[in-house]
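Participant: next come a sequence and a model predicted from it.
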Amino acid sequence: MATALFYASSTGNTEEVANTIANKLDNIDIFNIYDNNLENINNYDKLILGTPTWGEGDLQDDWDEIWDKFCNFDLKGKTIALFGLGDQESYGDEFCDALGIMYEQVVKAGAKVTGFTDIEDYEFEYSKAQKDDKFVGLVLDEDNQDDLTEQRIENWIAQIKKDII
């Protein structure tokens, strides 16, 4: 089965990152969950899920609206890579928490998660997206480290490609 990327975006940053990732991967379908495409998750064995952290460590509004529905998906047998956006300077004590919330749910639903990344070169106090010395996926800070985004995406894609494509 093909791979699909599902994301939500409020300011456009996550959408831009989602499009960049999709363009760098061949044969990948992309869905903005705002368009009510969540049921398409069942059509794919390999998924990339993206979210910004909103407010004070919360899920982005579109993810929040469909969260109960998302939590009812059986993800057993699916391989999932996650990416999240946050602001480590203004929200350093809940940096990319939505990514951590998403990770906990997909693991609970039976998915295999790939694409953990180093926490090195970030300055934050706490993140639900941190497990031991890794983030549970690709973490980007478009507010403070946008100059590192392209290379971080490239490195992450090289890492997940064998599991996701």
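Facilitator: Thanks, I have it.
Participant: can you report phi and psi for Asp133?
Facilitator: Backbone geometry at Asp133, expressed as degrees, to the nearest 10, gives phi -100, psi 30.
Participant: beyond the strand ranked longest in the chain, next helix or strand please.
Facilitator: Scanning the chain for the strand with the most residues, using DSSP state E, yields strand 46-54. Later in the chain than strand 46-54, the nearest helix or strand by DSSP states H and E is strand 58-59.
Participant: for the longest strand of the chain, packing partners?
Facilitator: strand 3-7, helix 13-24, helix 61-71, strand 79-85, helix 97-108, helix 149-164 (3 or more Cβ pairs under 8 Å, 6 or more residues apart in numbering; DSSP states H and E). The way it works is simple: take the backbone N, C-alpha and C, and place the C-beta from them, glycine included.
Participant: now with 7 Å, please.
Facilitator: With contacts taken as 3 or more Cβ pairs under 7 Å, 6 or more residues apart in numbering; DSSP states H and E, strand 46-54 sits against strand 3-7, helix 13-24, strand 79-85, helix 97-108.
Participant: report the distance from that strand to the chain centre.
Facilitator: Strand 46-54 sits 3 Å away from the centroid of its parent chain (Cα atoms, centre = their mean, to the nearest Å).
Participant: and what about Val139, helix, strand or coil?
Facilitator: Three-state call for Val139 (DSSP: H, G, I helix; E, B strand; the rest coil): strand.
Participant: try the one 4 residues further on
Facilitator: Taken by three-state DSSP, the conformation at Asp143 corresponds to coil.
Participant: show me what contacts the residue lying closest to it once chain neighbours are set aside?
Facilitator: Using Cβ to Cβ, 6 or more residues apart in numbering and skipping residues adjacent in sequence, the residue nearest Asp143 is Asp87, 4.4 Å away. The neighbours of Asp87, taking Cβ atoms under 7 Å, 6 or more residues apart in numbering as the test, are Asp141, Asp143, Asn144.
Participant: got phi/psi on Asp87?
Facilitator: According to degrees, to the nearest 10, Asp87 has phi -120, psi 100.
Participant: got a pLDDT number for it?
Facilitator: Here, the pLDDT recorded for Asp87 equals 97.
Participant: how near is it to Val139?
Facilitator: 11 Å (Cβ to Cβ, to the nearest Å).
Participant: what's the answer for Ser90, then?
Facilitator: In terms of Cβ to Cβ, Ser90 sits 15 Å off from Val139.
Participant: returning to what we had before: pipe the contacts of Asp87 into JSON lines and attach neighbour count per row.
Facilitator: Converted to JSON lines, those look like this (neighbours: other Cβ atoms under 10 Å):
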{"residue": "Asp141", "neighbour count": "24"}
{"residue": "Asp143", "neighbour count": "15"}
{"residue": "Asn144", "neighbour count": "14"}
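Participant: done for today, thanks.
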